[in-house]
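Trainee: What follows is a predicted structure for the sequence shown.
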Amino acid sequence: MTIQVRRIVFLLAGAFLAALLVWGMGGLPHFGAYRGPYGDVLNAVSVPERHITDVVTAVNFDFRGFDTLGEEFIFFAAVLGVALILRAQPGEGPGHVEDYATGRAVPPTSDAVRVLGLGLTPPTVLFAIYVVAHGHLTPGGGFQGGVILATGVLLIYLAGEFDDLHGLYTEVTLERAEAIGAGAYAAIGTLGLLTGATFMANVLPLGKIGHVFSAGTVPLINLAVGLEIAAGLVLLLTTFLRQTLVLRPTASPGPLTKALGG
Amino acid sequence: MNFLPYLVAIWLFVVGLYGVVTSRNLFHQIISLSVVQASTYVLLLAIGYRTGGTAPVFAGIPVGRLAVDPVVQALSLTDVVVGATVTALLLAIAVQVHKRTGSLDPEDLRRRLGERDE
């Protein structure tokens, strides 16, 4: 099928799909006319019953904490998958970092970028810790804070060289941190079982509303998720960067590369 | 105007699909898939919105104040995480495809893989 034929086929099918969606969504409540009831119930009970002022976090890590455990393991599995797909293949090894297109050496990072990158890193890390620690009070939490923390590490790469990152961590450290984060979530869930309640029940003391140390297990889960997401994302970044900057084909292609005609 | 957010979601969905179907570059195709996914964020948040409702964060405002639905916002967060992981996995596969075949064009790819089979 040529691209032209495909485009025509899609325009017909796409128009039909769009019409179907318009018809289907026409049956939804109008925008702004939310009917409830679950959202209203949660908004009403989250603060008095769980001492959590950010209801989105309450939903994610308390009311449907079990689902978020699954979500966390989706992320875990995906990071593993990327690390597996982008591992050094037979016939690949560390090579010289060169600009492929022109054959010239990589230009050095400018001083302005270095200063800005290094200057931005501490506030970024601090902000990440703040977002993770206050996830149950204000918008934020483990997922968001973890991503911000990983950004801090990316800034160090932007301000320096890929090799600089190896002074910070090794991949084994990251893998362990990620596994500890994922495992800690499940372990916190079993606290409920130990006390005779259900799995993922919020059994720790709820504390005073609006305080950092409140809301029972939720800040601990946020911490675990923050660790896992940050470590996982940095592992992702490292894997992609190594693929681009370090791994080069060596002289003799491996058996797999040959078999695939690469 | 009450239907506009739903139209935006439909538009993003269909225009993203158009990108996926007609793309000549795997990276472009992956980003098109992200556009399709972005439509689900718009749809979820539109369903949970309530006119005059505030964010479902009761830090500094009294409980009982009219707020939007927190459930769809939590689902959007899940959506974002899943979207990021799908994109990461697809990008990794695209990198390997380029290494094996030297091409990122899906059409080209089929031809090259076909040649090998013959």
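Mentor: Sure, I can see it.
Trainee: A:Val203 is in contact with A:Leu193, correct?
Mentor: No: taking CB atoms under 8 Å as the definition, A:Leu193 is not a contact partner of A:Val203, at 9.4 Å. For the C-beta atoms, the positions are set from N, CA and C on the backbone; glycine is no exception.
Trainee: which one of the two has more residues nearby?
Mentor: Neighbour count, other CB atoms under 10 Å in any protein chain shown: between A:Leu193 and A:Val203, A:Val203 has more, with 17 against 13.
Trainee: Assign a three-state SS to the more buried one, would you?
Mentor: Classification of A:Val203 by DSSP: H, G, I helix; E, B strand; the rest coil places it in coil.
Trainee: my read: A:Ala201 touches A:Gly192, true?
Mentor: Yes: the criterion here is CB under 8 Å, and A:Ala201 meets it with A:Gly192 at 3.4 Å.
Trainee: ok, the spatially most central residue of chain B - contacts?
Mentor: For chain B, B:Gln37 is the residue whose C-alpha lies nearest the centre (CA atoms, centre = their mean; 2.0 Å). Neighbour list for B:Gln37: B:Gly16, B:Asp79, B:Gly83, B:Val86 [criterion: CB atoms under 8 Å, 6 or more residues apart in numbering or on different chains].
Trainee: how close does the second one sit to A:Gly81?
Mentor: In other words, B:Asp79. Between B:Asp79 and A:Gly81 the computed distance is 19 Å (CB to CB, to the nearest Å).
Trainee: Not counting sequence-adjacent ones, nearest residue to B:Val15?
Mentor: B:Val35 (6.7 Å; CB to CB, 6 or more residues apart in numbering or on different chains).
Trainee: Surely the one you found is in contact with B:Leu12?
Mentor: Yes: B:Val35 is within contact range of B:Leu12, at 5.9 Å (criterion: CB under 8 Å).
Trainee: Go over the secondary structure and confirm the residue nearest to the centre of chain B is in a helix.
Mentor: Yes: assessed by three-state DSSP, B:Gln37 belongs to a helix.
Trainee: Spell out which residues of the stretch 51-200 of chain A are next to chain B.
Mentor: Residues of the stretch 51-200 of chain A found near chain B (CB under 8 Å from any CB of the partner chain) are A:53-56, A:58-60, A:64, A:67-68, A:71, A:74-75, A:78-79, A:81-82, A:85-86, A:89, A:137-139, A:143.
Trainee: circling back: if I look at A:Ala201 and A:Gly192, which residues touch both of them?
Mentor: In contact with both A:Ala201 and A:Gly192: no residue, using CB under 8 Å, 6+ apart.
Trainee: other SSEs contacting the longest helix seen in chain B?
Mentor: Ranked by residue count under DSSP state H, the longest helix found in chain B is helix B:70-101. Under the contact definition 3 or more CB pairs under 8 Å, 6 or more residues apart in numbering or on different chains; DSSP states H and E, helix B:70-101 sits against helix A:38-50, helix A:55-58, helix A:65-85, helix A:142-159, helix A:218-245, helix B:26-48, helix B:106-117.
Trainee: Quick check: which of those helices has the most neighbours on average?
Mentor: Mean neighbour count (mean count of other CB atoms under 10 Å in any protein chain shown) peaks for helix A:55-58 among these, with a mean of 30.
Trainee: Give me the mean pLDDT for that one.
Mentor: The pLDDT scores in helix A:55-58 average 89.
Trainee: what does stretch A:66-75 give?
Mentor: For stretch A:66-75, the mean confidence score works out to 90.
Trainee: Check stretch A:129-144 too.
Mentor: Rounded mean pLDDT across stretch A:129-144 is 89.
Trainee: got the buried residues for it?
Mentor: Within stretch A:129-144, the residues scored as buried using 16 or more other CB atoms under 10 Å in any protein chain shown are A:129, A:131-144.
Trainee: Residues contacting it, please?
Mentor: Residues outside stretch A:129-144 that contact it (CB under 8 Å, 6+ apart) are A:52-54, A:56-58, A:60-61, A:145-146, A:148-149, A:210, A:212, A:214-215, A:218-219, A:221-229, B:55, B:57, B:59, B:77, B:80-81.
Trainee: Let's see that with 6 Å instead.
Mentor: With contact meaning CB atoms under 6 Å, 6 or more residues apart in numbering or on different chains, stretch A:129-144 is reached by A:52-54, A:57, A:145, A:148, A:212, A:215, A:218-219, A:222, A:225-226, A:229, B:57, B:59.
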